[in-house]
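[1] I would like the atomic coordinates for the input below:
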Amino acid sequence: MIQPHGNTLVDRVVTPQRAEEIRAGFDDLFTVELDWNLFFDFVNLAQGVYSPLEGFMSRNDFMKVVNDITLESGVPWPLPVVLDVDAETANDVTPGERIGITRADGTPVGVLDVDSVYRYNEEDVCTQLFGTTDNDHPGVRTVRSKAPFFIGGPIKAFPDEITRQGNQVLTPKETRVLFKKHGWETVAGPFRVTGADGPTVTELDGEPAFSVYQDVVEEHADTTVTRENFFEVAKSYPFGITRLDAEQIVRDPFDVDGDALTCFGSVPEGEFVNILTGDIDSLVSAAGDAYEAAVADSESESLYAFDCISRRLYLDDEFDRELSAIDGDEESLVGALTIGEIANDGSGHLDYYNKTAVIGAMTDR
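    Numbers count the residues shown, from 1 in each chain. This is a model prediction of the structure:
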C-alpha cells in the first residue's frame, strides 16, 4: 500500500453535530476572512489534500520549509501553506486562542486554533525558496503579494461548507475507498507458500507448486493439466491469498516453468493461499455486489469501473452480463479492462488484485 505523504491521511472536517456545537459559540470568536485562494487552501487542508498538514503552517514548519524544504518533522515539503494577515489582525490574535474562519462573503466555514503569529522577511524567503528576488519570477510575486504576518495552527472545517473544486472530484479519503468483488470460491487449501520469489511460486507446503496445483485442479475439473495447456486451464483456477475477515486477494497464475508457477502480482513466501474456481453466475453476481456497495448511501453521479481482462477472457460471450450488472440506470459509467486492479480491502489498506471487479462512485457536491 502506498502510504499518504507523511504516513498520515488528514481529515479536519468535523461531524455535523460537532459543527453545530462550534457554530453555537462562533459569534464570540474573533474572525478572519479568507479570499478565494486562501479558502482553496483551507478546503485542501480540511480534506487531507495537503496531508500531513493539519492547518496553516506554524512558524517552525514555515522556517523549516523555507530553509530545508521539509516540515519540522522532517517530512519533505516544497512550499509554505500560510494564512497571511495584516498587522492590525495580527495584533488582535494571541497564540492559544481559537479564531473563526469565514469565506469572503462572511459565511462561517470553520475555526483555527492559533499556535503562532509571526512575521517573515520577504527578501530572505524569496532567496531561499526561489534563488532570486526578481519580480519576474511568479513565486516572488506571490510572496510579495502577501500580508506581512502569518497565523498558524490546526483547523476544523464545517462539512456543509467544504464544497468540491469541480464537478467530479474525489477527496483523498474517497480515492482509498474503492469497492471490489471477485466471485471466486475456494476449491482447496489453504496451502502455505514455502517457496516464492516475487510473483513466482516454487513450493506449496514444501511440495513443488505445479504438482500441488495439478493434483487439485485435475481432481476438481476432471481434466488433465499439462504445461502446454496450463494457461487455458489456469484462467478458471486462480490462487487466493487468504485474509482474516476479508475477501481473498486473487492471484492469476499464467505461466509454468518446471515446477514453478508465475502469477500477475507477488505471492510472498509465508502467506497462505487457496486454489479457487468460479462460474459465470458467481462472477456476475459479485460484480453486481460491488456496484451496489459503491452506490449505497450516496447520491452517485458517475461510476468508474476497472475490470480484470482475465475476467473478460473467462466470461467470454457472457461478459455483457457483467457490464449490465455494473451499469446502473441513474449513473454514467466509464472504465477500462486492466491487468491488475488496486482497491481498498475495507479497512483502509490498498492492495493489488487480479480477476477482480473494482467500482468507484463519484458525486457532484
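[2] Show me the domain layout of this protein.
    5-162, 175-181+280-362, 185-277 (automatic domain parsing).
[3] With mean neighbour count and mean pLDDT added, can I get these in a markdown table?
    All C-beta atoms are positioned from the backbone trio N, CA, C, and that covers glycine. Output for the domains of the chain, formatted as a markdown table (neighbours: other C-beta atoms under 10 Å; pLDDT from 0 to 100):
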| stretch | mean neighbour count | mean pLDDT |
| --- | --- | --- |
| domain 5-162 | 17 | 94 |
| domain 175-181+280-362 | 18 | 72 |
| domain 185-277 | 18 | 89 |
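[4] who touches the longest strand seen in the chain?
    In the chain, assigned by DSSP state E, the strand with the most residues is strand 185-197. Here strand 185-197 makes contact (C-beta atoms under 8 Å, 6 or more residues apart in numbering) with 201-206, 209, 212, 216-217, 220, 237, 240, 242, 248, 266-278, 282.
[5] For the stretch 151-300 of the chain, which segments count as strands?
    Listed in chain order, the strands of the stretch 151-300 of the chain (DSSP state E, counting those that start in this stretch) span 179-181, 185-197, 200-204, 207-208, 239-241, 249-257, 260-264, 272-277.
[6] quick one: the longest one to chain centroid distance?
    The chain centroid and the centroid of strand 185-197 are separated by 29 Å under C-alpha atoms, centre = their mean, to the nearest Å.
[7] how far off strand 272-277 does it point, in degrees?
    Strand 185-197 and strand 272-277 meet at an angle of 130 degrees, taking axes from the mean of the first three to the mean of the last three C-alpha atoms, to 10 degrees as the criterion.
[8] angle of strand 185-197 against strand 260-264?
    Calculated by the same axes, to 10 degrees, strand 185-197 forms an angle of 110 degrees with strand 260-264.
[9] before we move on, back to that, for residue 93, which of the strands of the stretch 151-300 of the chain is the nearest?
    Among these, the nearest to residue 93 by C-beta to C-beta is strand 179-181 (44.5 Å).
[10] what are the bridge partners for residue 263, then?
    Assessed by DSSP bridges, residue 263 has beta-bridge partners residue 253.
[11] contacting residues for it?
    199, 200, 201, 239, 251, 252, 253, 254, 354.
[12] Is the fourth one in contact with residue 274, as I believe?
    Yes. Distance between residue 239 and residue 274: 7.1 Å, which falls inside the contact criterion (C-beta atoms under 8 Å).
[13] Now distance to residue 24 too, for the strands of the stretch 151-300 of the chain, in CSV please.
    Formatted as CSV, the strands of the stretch 151-300 of the chain follow (distance: least, C-beta to C-beta, whole Å):
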stretch, distance to residue 24
strand 179-181, 37
strand 185-197, 54
strand 200-204, 60
strand 207-208, 68
strand 239-241, 50
strand 249-257, 47
strand 260-264, 55
strand 272-277, 53
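[14] Out of these, flag the one nearest residue 339.
    strand 260-264 (6.2 Å).
[15] Specify the angle between the closest one and strand 200-204 in degrees.
    130 degrees.
[16] what about strand 260-264, distance to the chain center?
    28 Å.
[17] With only the CA atoms kept, save that strand in CSV.
    Once non-C-alpha atoms are left out, strand 260-264 reads as follows in CSV (Å, rounded to 0.1, in the frame of the first residue of the first chain):
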residue,chain,number,x,y,z
ALA,A,260,7.3,-23.0,-10.6
LEU,A,261,4.1,-21.0,-11.3
THR,A,262,4.3,-17.3,-12.1
CYS,A,263,1.4,-15.0,-11.3
PHE,A,264,0.4,-11.5,-12.1
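[18] Specify the angle between that strand and strand 249-257 in degrees.
    Using the same axes, to 10 degrees: strand 260-264 against strand 249-257 is 130 degrees.
[19] Could I get the full set of helices for this structure?
    Assigned by DSSP state H, the helices in the chain fall at 16-24, 36-47, 59-68, 87-92, 122-130, 138-144, 172-175, 209-221, 230-234, 280-295, 309-315, 319-326.
[20] show me the contacts for residue 269.
    By C-beta under 8 Å, 6+ apart, the contact set of residue 269 is 193, 194, 195, 196.
[21] how does it look with 10 Å?
    By C-beta atoms under 10 Å, 6 or more residues apart in numbering, the contact list for residue 269 reads 192, 193, 194, 195, 196, 197, 198, 201, 202, 203.
[22] between these, which is nearest residue 67?
    residue 198 (41.4 Å).
[23] Might one say that that closest one is in contact with residue 265?
    Yes. Counting by C-beta atoms under 10 Å, residue 265 is a contact partner of residue 198 at 9.1 Å.
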